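K.L.:
what follows is a predicted structure for the sequence shown.
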Amino acid sequence: MKLLLENAHIEGIRYYEIYRKHGGYRAAEKALKMAPDEIVEEVKKSGLRGRGGAGFPAGMKWSFLAKPEGVPRHLVCNADESEPGTFKDRYLMEFLPHLLIEGLLISSFALGSNLTFIYIRGEYAWIVDVLEQAIAEAKTNGWLGKNIQGTGFDCEIHVQRGAGAYICGEETALLESLEGKRGNPRIKPPFPAVQGLWLRPTVVNNVETLAAVVPIMNIGGEAYSKIGVGRSTGTKLISACGNINKPGVYEIEMNLSVEEFIYSDEYCSGIPKGKKLKACIPGGSSVPIVPANLLFKTAKGETRYMNYESLSDGGFATGTMMGSGGFIVLDEDQCVVRHTMTLARFYNHESCGQCSPCREGTGWMYKILKNIEYGKGKMSDIDLLWDIQGKIEGNTICPLGDAAAWPVAAAIRHFRDEFEWHVTHPEEAQTRNYGLAHYAEPLSTVTV
Ligand SMILES: Cc1cc2nc3c(=O)[nH]c(=O)nc-3n(C[C@H](O)[C@H](O)[C@H](O)COP(=O)(O)O)c2cc1C
Ligand code: SF4
């Protein structure tokens, strides 16, 4: 079932007339007749969890929004999308801009935001034009601006481009940047729901989260909650890349098995040239890498599904996270040490430098990984790396520190022999691949 991308293939759906002809703004019509609190209740009922990475229930976040008398409130849409491997929001905004605008209108009405922002990564310059055109069309047709559809509700949406910093996707750094300052994360509490943009109560939600409010209004929170499984309700966009035959953005129901997602023709269509699967990072670069032997079945031997609970089954020892849904597949030719080094370089570059465990630790991890990768490492470096990542995790102002530590920890936990091989085979390390012990068993059953 598709709730978000159902109409993505329709030519011209990016434009107001076509979007409207295919049922666009019907959810907004319905919502504008409801009381704001009723909309919040519907979103709560739906079980929708934030699609930006942490999976926090959206309705609950909305209900935390402080409402002091006479103080404006804001909704901010997080379109920074800088997590390596994640490109689903780009797809939504580029092809279905009115779906996002409609979701923003309904959410702004529910939260009482008359001034709403889309903070978008600077590299998505062409999408800024797409969004601004959609905003202008929505305004011309009475869905934005003053007295929307005669309800007395006013709402303006502004698009603000970032300047290329990953850290500005972290919600408080984003707010700092939106205020015109350097994007340094704030210490929490206070949370944005109490003191956010210009210290006013603010809700920050991901693009996909806010777009999902449209189908929730259309089908009702209860019906939405029945799609998927357990606390993983509704559908989820997955951006799939790496060693797969069909990279792209897929909308899945969260009762789909990981094996089917990788091998079925409806989704990734397997691995090119019949190569074997080595590992997968299913939720964007920050989440722990999972070796193939733990990807299709949990440590308890149960089928692993594409949802929040199943992917994290076993904790970080044998599981991972749904994260942002940036699904990266590694085949047998990929080197985990090199891969981990590349990620460490990214996090080191993107650290804002406010806290020393992250500022110094990410640099040390990159340096040590580079030594191991380039045949200059010692056995004791592997333990040193393990030690450093453990000292970063949980000891920083924002979760970028954790995001830098988890990939290193998981790589050592599952592929320690590969690190050791790099130390004992310094010259071959750059030309040979390693990790045979982690290949999956040949597939026996893939039901499509
Ligand atoms: C370093 C870092 C980068 C982040 N980047 C993004 C991002 O690009 N987009 C996003 O929606 N959330 C991102 N987040 C998560 C946000 O802080 C926040 O949790 C999210 O926007 C909330 O929206 P949601 O509840 O709808 O998921 C990032 C977090 C961290 C720590
Ligand atoms: S964890 Fe890293 S990115 Fe986050 S505030 Fe500290 S130094 Fe900055």
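P.N.:
Noted; the coordinates are in hand. Ligands and ions are numbered 1, 2, ... in the order given.
K.L.:
secondary structure class of the closest residue to ligand 2 within the stretch 1-150 of the chain, three-state.
P.N.:
At 12.5 Å from ligand 2, S82 is the closest residue in the stretch 1-150 of the chain, using C-beta to the nearest ligand atom. Yep, even glycine has a C-beta here, placed from its N, CA and C like the rest. Put simply, S82 is coil when judged by DSSP: H, G, I helix; E, B strand; the rest coil.
K.L.:
and it, what are its phi and psi?
P.N.:
phi -110, psi 0 (degrees, to the nearest 10).
K.L.:
same question for the one 10 residues further on.
P.N.:
Geometry field for L92 lists phi and psi as phi -60, psi -50, criterion degrees, to the nearest 10.
K.L.:
same check, this time on L277
P.N.:
phi -80, psi 130.
K.L.:
just give me the neighbour total for the residue nearest to it when sequence neighbours are not counted.
P.N.:
Excluding the flanking residues, the one nearest L277 by C-beta to C-beta, 6 or more residues apart in numbering is A292, at 4.5 Å. A292: 21 surrounding residues under other C-beta atoms under 10 Å.
K.L.:
ok, A292 touching A279?
P.N.:
Yes. Using C-beta atoms under 8 Å, A292 is in contact with A279, at 6.1 Å.
K.L.:
domain-wise, how is this protein divided?
P.N.:
16-225, 238-331, 336-432 (automatic domain parsing).
K.L.:
how far away from the center of its chain is the second one?
P.N.:
Centroid separation between domain 238-331 and its chain, computed with C-alpha atoms, centre = their mean, to the nearest Å, is 14 Å.
K.L.:
with the last one instead?
P.N.:
Computed by C-alpha atoms, centre = their mean, the chain-centroid distance of domain 336-432 equals 23 Å.
K.L.:
spell out which residues of this structure are next to ligand 1.
P.N.:
Counting by C-beta under 6 Å from any ligand atom, the chain comes close to ligand 1 at 50-54, 56, 78, 80-83, 166-167, 169-171, 204-206, 209, 398-400, 403.
K.L.:
same thing but 5 Å
P.N.:
The chain comes close to ligand 1 at residues 50, 52-54, 56, 78, 80-81, 169-171, 205-206, 209, 399-400, as judged by C-beta under 5 Å from any ligand atom.
K.L.:
so E251 belongs to a helix, correct?
P.N.:
No. Membership of E251 in a helix is not supported by three-state DSSP, which gives strand.
K.L.:
mind listing what it touches?
P.N.:
K2, L3, L4, L5, T235, K236, L237, I238 (C-beta atoms under 8 Å, 6 or more residues apart in numbering).
K.L.:
swap the cut-off to 6 Å and go again
P.N.:
The neighbours of E251, taking C-beta atoms under 6 Å, 6 or more residues apart in numbering as the test, are K2, L4, L5, T235, L237.
K.L.:
narrow those to just the buried residues.
P.N.:
Buried subset of the contacts of E251 (neighbour count, 16 or more other C-beta atoms under 10 Å): L4, L5, T235, L237.
K.L.:
so which of those residues are in strands?
P.N.:
Among the buried ones among the contacts of E251, the members falling in strands (DSSP state E) are T235, L237.
K.L.:
adding distance to H9, write the domains of the chain out as CSV.
P.N.:
Shown next, in CSV, are these (distance: least, C-beta to C-beta, whole Å):
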stretch, distance to H9
domain 16-225, 9
domain 238-331, 12
domain 336-432, 33
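K.L.:
now those domains in TSV, with mean pLDDT?
P.N.:
Output for those, formatted as TSV (pLDDT from 0 to 100):
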stretch	mean pLDDT
domain 16-225	97
domain 238-331	96
domain 336-432	94
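K.L.:
which residues make contact with stretch 163-178 from outside it?
P.N.:
80, 82, 119, 122, 160, 162, 183-186, 196-197, 204, 350, 352, 398.
K.L.:
mind redoing it with 7 Å?
P.N.:
Applying C-beta atoms under 7 Å, 6 or more residues apart in numbering, the contact partners of stretch 163-178 are 76, 78, 80, 82, 117, 119, 122-123, 160, 162, 182-186, 188, 192, 196-197, 202, 204, 350, 352, 398, 400.
K.L.:
and the next element down the chain from the helix or strand hosting V203?
P.N.:
Following DSSP states H and E, one finds V203 within strand 202-206. Next along the chain after strand 202-206, taking DSSP H and E as the criterion, comes helix 207-211.
K.L.:
other residues contacting the helix or strand just after that next one?
P.N.:
Proceeding C-terminally, helix 207-211 gives way to helix 213-219 as the next helix or strand, assigned by DSSP H and E. Residues from elsewhere that reach helix 213-219, judged by C-beta under 7 Å, 6+ apart: 3-4, 26-27, 30-31, 42-43, 46, 48, 99, 102-103, 106-107, 224.
K.L.:
for those, which PyMOL command selects only the ones that are buried?
P.N.:
Buried residues among the contacts of helix 213-219 (16+ other C-beta under 10 Å), as a PyMOL selection:
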select buried, resi 3+4+27+31+42+43+46+48+99+102+103+106+107+224
